[in-house]
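1. okay, structure incoming, though there's no sequence with it:
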Ligand code: GLN
C-alpha cells in the first residue's frame, strides 16, 4: 500500500487552526430552515488512508447533514440493484447549471444530464425505490453506507428531512416534471420523500471519509462495488460533483469530489485516500466555501491531484 506524505497529521492540525481564522465563512444554505440555523464558523477534516488509519482535525466527531453527498451512495446502490440500464434514464454529462436547475429538462425530454444534479438524483432515487415502500429503500441505503463506513451509528436526521419536505417546492416541481415525461416509476411524492430523507443522512467527516474507501479502492475497504464501477463513479464526481463549479474544483483540487449544501465534501484520491471536509458556509455554487479552500490546500500539500503532482 501507498505511503502517505510525511507530516500529514501535523498539516491537518495547522490547516484546522488556519481555517478557524477565516474572515468569511460564507452563509449556510438558506432554503432549508434547519440548515439555515447552523453556525457557519465550523470546520472538520478527515483522511482515511491506504494503511487503514483515519486521521482528522477540527470537529470530526460532529454529525452534519450530508445532503447531496448522499447522491454518490444512491448511485452506487441503484447501479448495484438495476445495473447499467439506469443510464437509459439519466445521462453522464456535466450540466453547467445550478444543482436545482430545471432549465435543461425540457430540451432533454426529461432525461437529466447526470445523477448528481437534483433532477438526476431524483431519477436515481426513483430507480432505487423501485416500487418498494420508501422505508425499505432507505433502510437498504442506510445499511449500504453503514457497511461502507463500518459504523452502525449513522442515521437519518428526521428534523432536517421534515424541514426540507415543508419547503422543497423546487424539487417537487422537478419530480412532477420528470413524471410528465414518463421518467418516474413511483408516485412523485413517494420518490421525493425518499430523496429528502436520503439527503438528511447525518455523518461525521470521519464516517464520511471511511465510507469513501471503496471508491478509492483502498485495501481493507468493504467490497460493495467493483473496481470498474468505482472508477466510473469517480469520473462522474470529477465532471459533475460540484455542478457548475465542477470545472473550478477540478482546476483547484484535481480530485473527484461530491459536495452537499450541508457543507460537506467527499473527495477520492484513487489508491491513496478518501477525504471528507466539512464547513457549513457555502460559496456562489452552493459548495462549502472554507471546505473548498481546505481541499485546495490539502491537494497542494499531498500532491494527490489525479492530474499530476
Ligand atoms: N436536499 C438538497 C436539495 O435537494 C440537496 C442539494 C445539495 O446538497 N446540493 O435541494
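-> In hand now; what should we look at? A quick note: this is a predicted structure, and the numbers were derived from the prediction, not measured.
2. hey, let's count contacts and neighbours off CA atoms from now on
-> OK.
3. for the chain, which residues are neighbours of the ligand?
-> Within the chain, the positions lying close to the ligand (C-alpha under 6 Å from any ligand atom) are 67, 68, 99, 118, 196, 199, 260, 261.
4. how about the residues you listed in JSON lines, adding neighbour count?
-> Converted to JSON lines, these look like this (neighbours: other C-alpha atoms under 10 Å):
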{"residue": "67", "neighbour count": "23"}
{"residue": "68", "neighbour count": "30"}
{"residue": "99", "neighbour count": "24"}
{"residue": "118", "neighbour count": "24"}
{"residue": "196", "neighbour count": "23"}
{"residue": "199", "neighbour count": "24"}
{"residue": "260", "neighbour count": "26"}
{"residue": "261", "neighbour count": "28"}
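5. between these, which is closest to residue 35?
-> Nearest to residue 35 out of the residues of the chain next to the ligand is residue 261 (C-alpha to C-alpha; 8.4 Å).
6. can you tell me the SS state at that closest one?
-> Per DSSP: H, G, I helix; E, B strand; the rest coil, the secondary structure class of residue 261 is coil.
7. okay, it: pLDDT?
-> With respect to pLDDT, residue 261 has a value of 98.
8. same deal with residue 6?
-> Looking at residue 6, its pLDDT is 72.
9. what about it, distance to residue 274?
-> From residue 6 across to residue 274, the span is 17 Å (C-alpha to C-alpha, to the nearest Å).
10. higher neighbour count, the two?
-> The neighbour comparison of residue 6 against residue 274 (other C-alpha atoms under 10 Å) goes to residue 274, with 28 against 9.
11. spell out which residues sit in contact with the residue in the stretch 51-200 of the chain that the ligand sits nearest to, please.
-> Residue of the stretch 51-200 of the chain nearest the ligand, by C-alpha to the nearest ligand atom: residue 68 (3.6 Å). Residue 68 makes contact with 116, 199, 258, 259, 260, 261, according to C-alpha atoms under 8 Å, 6 or more residues apart in numbering.
12. how about the strands in the stretch 101-250 of the chain?
-> Taking DSSP state E, counting those that start in this stretch to define them, one finds strands in the stretch 101-250 of the chain at 155-156, 201-203.
13. redo the ones you listed as a markdown table? Include mean neighbour count.
-> Listed next are these as a markdown table, based on neighbours: other C-alpha under 10 Å:
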| stretch | mean neighbour count |
| --- | --- |
| strand 155-156 | 17 |
| strand 201-203 | 24 |
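14. a markdown table for those, including distance to residue 219 and mean pLDDT?
-> Formatted as a markdown table, those follow (distance: least, C-alpha to C-alpha, whole Å; pLDDT from 0 to 100):
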| stretch | distance to residue 219 | mean pLDDT |
| --- | --- | --- |
| strand 155-156 | 26 | 98 |
| strand 201-203 | 22 | 98 |
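15. let's have those in CSV, adding distance to residue 182.
-> Converted to CSV, those look like this (distance: least, C-alpha to C-alpha, whole Å):
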stretch, distance to residue 182
strand 155-156, 30
strand 201-203, 28
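16. residue 12 is nearest to which of the ones you listed?
-> Nearest to residue 12, of all these, is strand 201-203, at 19.5 Å by C-alpha to C-alpha.
17. list the contacts of the closest one.
-> 62, 63, 64, 65, 66, 67, 70, 154, 155, 156, 157.
18. now those: which count as buried?
-> Buried subset of the contacts of strand 201-203 (neighbour count, 16 or more other C-alpha atoms under 10 Å): 63, 64, 65, 66, 67, 70, 154, 155, 156, 157.
19. in helices, which of those residues appear?
-> Of the buried ones among the contacts of strand 201-203, the ones assigned to helices by DSSP state H are residue 70.
20. and which of the buried ones among the contacts of strand 201-203 is nearest to residue 214?
-> Distance to residue 214 across those (C-alpha to C-alpha) is lowest for residue 70, with 14.7 Å.
21. for residue 47, name its beta-bridge partners.
-> Beta bridges link residue 47 to residue 55, residue 275, judged by DSSP bridges.
22. report the secondary structure state of residue 258.
-> strand.
23. and it, how many residues sit next to it?
-> Look at residue 258: counted by other C-alpha under 10 Å, it has 28 neighbours.
24. I'd like the next helix or strand past the helix or strand harbouring residue 17.
-> According to DSSP states H and E, residue 17 maps onto helix 8-19. Where DSSP H and E defines the elements, the next helix or strand beyond helix 8-19 is helix 33-36.
25. that following helix - what's its average pLDDT?
-> On average, helix 33-36 scores 97.
26. centre of the chain to that helix, how far?
-> 18 Å (C-alpha atoms, centre = their mean, to the nearest Å).
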